[in-house]
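K.L.:
structure, please.
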Amino acid sequence: MGLKNVPFILLVTNIYAWISANPSYLVFAEERVLGTNSTESGLRKLLEELKRLSPSVEKELVGNGVYSNLLVLQAVGDIENIKHVAELKGLVFIRKVFKDGNYYLFRHLASCKRCLPNSEGLLKDIEEHSSVRWVALQTPLERVKRSFNGDFRLVDIYRASSEVRKRRSYFREKELQNYRNTSLVNFDDPLFDEQWYLLNKGQTGSPPENDINVLPVWKSGITGRGVRISVLDDGIHPQSEEVAKNYDSIASEDLSLRSNHHNPVPENSHGTYCAAIAAGVANNKVCGVGVAYDAKIGGVRVIDGPVTDAQEAMALVHALDYVDIYTASWGPNDDGRSIAGPGTLARLAFLKGVSEVTIFAFLDTLI
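P.N.:
Prediction:
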């Protein structure tokens with residue numbers, strides 16, 4: 001890891017110990033969205049930073065010639081035509097990639113991460129079979145969850161609000177007052193007044209008025225009723241009060257290939273946070289409200305460790321005839337040095353979604 005990183009490691013170790021004794025700062029946002037009091041997600045971020053300092057560890061996880069034991073085969077016809085070759089090559093069928101296609105996901109019985117020479121021979125043998133049109137060994141991809149700047153949660157939002165309120169223009173104040181006097185914004189959710197992106201009153205110290213202008217939409221009666229959303233992320237905690245009433249199990253699935261349920265592990269809260277922003281329950285005296293607070297929302301658990309092209313594709317078409325909007329707040333590492341796009345299967349998934357008049361919303365950063 002190198003001696004030059006020792007001071008940083010010592011600093012992180014001290015921060016880790018301090019957080020264990022003073023968890024309130026780290027769990028500020030998590031408490032308000034999930035109603036939980038866990039330091040796991042914050043501590044995990046610190047440990048991930050330590051891991052980042054060791055390239056040898058990172059290379060064992062993603063890219064740089066590292067392969068999974070997952071393969072996708074496109075059959076000439078249906079799966080019956082490739083069952084024989086799959087069995088001969090030690091492949092175990094997992095599932096179809098697309099509901100209406102001839103792409104099939106298999107797992108190789110061998111668990112070898114650095115087996116490029118052997119896999120090239122395996123792929124060649126499979127490709128030469130007359131019942132196989134295309135085959136691809138799945139490579140783990142690095143995908144990073146998007147979030148707001150880390151310092152935002154420490155902003156004294158109440159003090160900033162009182163200071164900026166004095167500088168608001170007369171006409172904007174009258175407009176906001178008129179909206180507040182309507183039943184549309186008489187929410188009993190305690191943190192609604194802090195949701196600057198819905199109704200910007202200068203809460204964060206920035207100029208007021210800069211919001212998504214959703215109040216007129218609500219006023220016209222559009223609140224998401226009848227719309228089904230699926231959050232492609234690390235899963236959703238269905239018991240969270242902020243999403244429980246709007247939770248939709250049909251729009252949910254586990255594609256992490258680690259377990260048989262789609263709920264996230266305890267330290268994962270990113271998907272639930274995104275779901276609350278999109279369709280958080282209104283007037284339940286908990287946290288804030290979602291942009292489409294009457295919409296139904298589910299979560300596909302896919303970003304829980306390294307992910308492959310096939311997993312991304314399956315997430316993008318999960319319940320395609322049922323879901324109206326797919327939303328994702330993650331992507332390749334946004335470090336200014338990485339450039340990446342959807343793989344072969346993910347591109348096919350996007351095309352299938354567009355043909356079904358589905359909306360895909362991929363966000364660079366969270367609000």
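
K.L.:
make it CA atoms for all contacts and neighbour counts henceforth
P.N.:
Will do.

K.L.:
lowest-pLDDT helix or strand in this protein?
P.N.:
Least confident helix or strand, the chain: helix 55-59 with a mean of 36, by mean pLDDT, DSSP states H and E.

K.L.:
who does whichever helix or strand comes after it pair up with?
P.N.:
Counting by DSSP states H and E, the element after helix 55-59 in chain order, helix or strand, is strand 70-75. Strand 70-75 has the following strand partners under DSSP bridges: strand 103-108 (antiparallel), strand 132-137 (antiparallel).

K.L.:
immediately after strand 70-75, which helix or strand?
P.N.:
helix 83-88.

K.L.:
what mean pLDDT does that next one have?
P.N.:
For helix 83-88, mean pLDDT rounds to 88.

K.L.:
show me what counts as buried in it.
P.N.:
85-86 (16 or more other C-alpha atoms under 10 Å).

K.L.:
what packs against that helix?
P.N.:
On a contact count with 3 or more C-alpha pairs under 8 Å, 6 or more residues apart in numbering; DSSP states H and E, helix 83-88 meets no helix or strand.

K.L.:
low-scoring stretches of the protein, by residue?
P.N.:
For the chain, the stretches with pLDDT under 70 are 1-67, 110-118, 147-184, 258-267, 363-367.

K.L.:
apply 50 and report the result again.
P.N.:
Counting by pLDDT under 50, the chain has low-confidence residues at 1-40, 42-44, 46-47, 50-51, 53-64, 114, 116-117, 149-161, 365-367.

K.L.:
can you pull out the strands in it?
P.N.:
70-75, 91-96, 103-108, 132-137, 144-145, 228-233, 253-254, 296-301, 325-328, 330-331, 359-362 (DSSP state E).

K.L.:
from these, which stretch is densest packed?
P.N.:
Greatest average neighbour count among the strands of the chain goes to strand 296-301 (a mean of 30), per mean count of other C-alpha atoms under 10 Å.

K.L.:
run through the neighbouring helices and strands of it.
P.N.:
Counting by 3+ C-alpha pairs under 8 Å, 6+ apart, strand 296-301 packs on strand 228-233, strand 253-254, helix 270-279.

K.L.:
any idea of the angle that strand forms with strand 228-233?
P.N.:
When axes from the mean of the first three to the mean of the last three C-alpha atoms, to 10 degrees is applied, the directions of strand 296-301 and strand 228-233 differ by 30 degrees.

K.L.:
care to break this structure down by domain?
P.N.:
Listed domain ranges for the chain are 8-20+223-356, 70-138, 154-178+186-219 (source: the TED database).

K.L.:
would you mind finding the most buried of these?
P.N.:
Mean neighbour counts for these (mean count of other C-alpha under 10 Å) peak at domain 8-20+223-356, with a mean of 20.

K.L.:
just to revisit the earlier point, in TSV: the strands paired with strand 70-75, plus distance to Leu215.
P.N.:
Formatted as TSV, those follow (distance: least, C-alpha to C-alpha, whole Å):
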stretch	distance to Leu215
strand 103-108	45
strand 132-137	48
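
K.L.:
nearest to Asn283, out of those strands?
P.N.:
strand 103-108 (43.7 Å; C-alpha to C-alpha).

K.L.:
now distance to Asn246 too, for the strands of the chain, in CSV please.
P.N.:
Shown next, in CSV, are the strands of the chain (distance: least, C-alpha to C-alpha, whole Å):
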stretch, distance to Asn246
strand 70-75, 34
strand 91-96, 29
strand 103-108, 32
strand 132-137, 38
strand 144-145, 23
strand 228-233, 10
strand 253-254, 16
strand 296-301, 5
strand 325-328, 15
strand 330-331, 23
strand 359-362, 19
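
K.L.:
among the ones you listed, which is nearest Glu312?
P.N.:
It's strand 228-233; of those, that one is closest to Glu312 (C-alpha to C-alpha) at 8.8 Å.

K.L.:
on that earlier part again, which of the domains of the chain sits closest to Val144?
P.N.:
Short answer: domain 8-20+223-356, nearest of the domains of the chain by C-alpha to C-alpha, at 5.3 Å.

K.L.:
pull the contacting residues for Leu232.
P.N.:
271, 299-303, 315-316, 326-329 (C-alpha atoms under 8 Å, 6 or more residues apart in numbering).

K.L.:
just grab the bridge partners of it for me.
P.N.:
Under the criterion used here (DSSP bridges), Leu232 is bridged to Val300.

K.L.:
do you know how far it is from Thr327?
P.N.:
6 Å (C-alpha to C-alpha, to the nearest Å).

K.L.:
test my guess that Asp309 contacts Pro342.
P.N.:
Yes - with contacts counted by C-alpha atoms under 8 Å, Asp309 reaches Pro342, the gap being 7.4 Å.

K.L.:
stretch 216-235: end-to-end distance?
P.N.:
Where stretch 216-235 begins and where it ends lie 31 Å apart, using C-alpha to C-alpha.

K.L.:
so which of the strands paired with strand 70-75 comes closest to Ala349?
P.N.:
Once those are compared by C-alpha to C-alpha, strand 103-108 is nearest, at 11.6 Å.

K.L.:
quick one, that closest one and strand 91-96 angle?
P.N.:
Using the same axes, to 10 degrees: strand 103-108 against strand 91-96 is 140 degrees.

K.L.:
and the contacts of strand 103-108?
P.N.:
Outside strand 103-108, the residues touching it (C-alpha under 8 Å, 6+ apart) are 69-75, 79, 89-97, 310.
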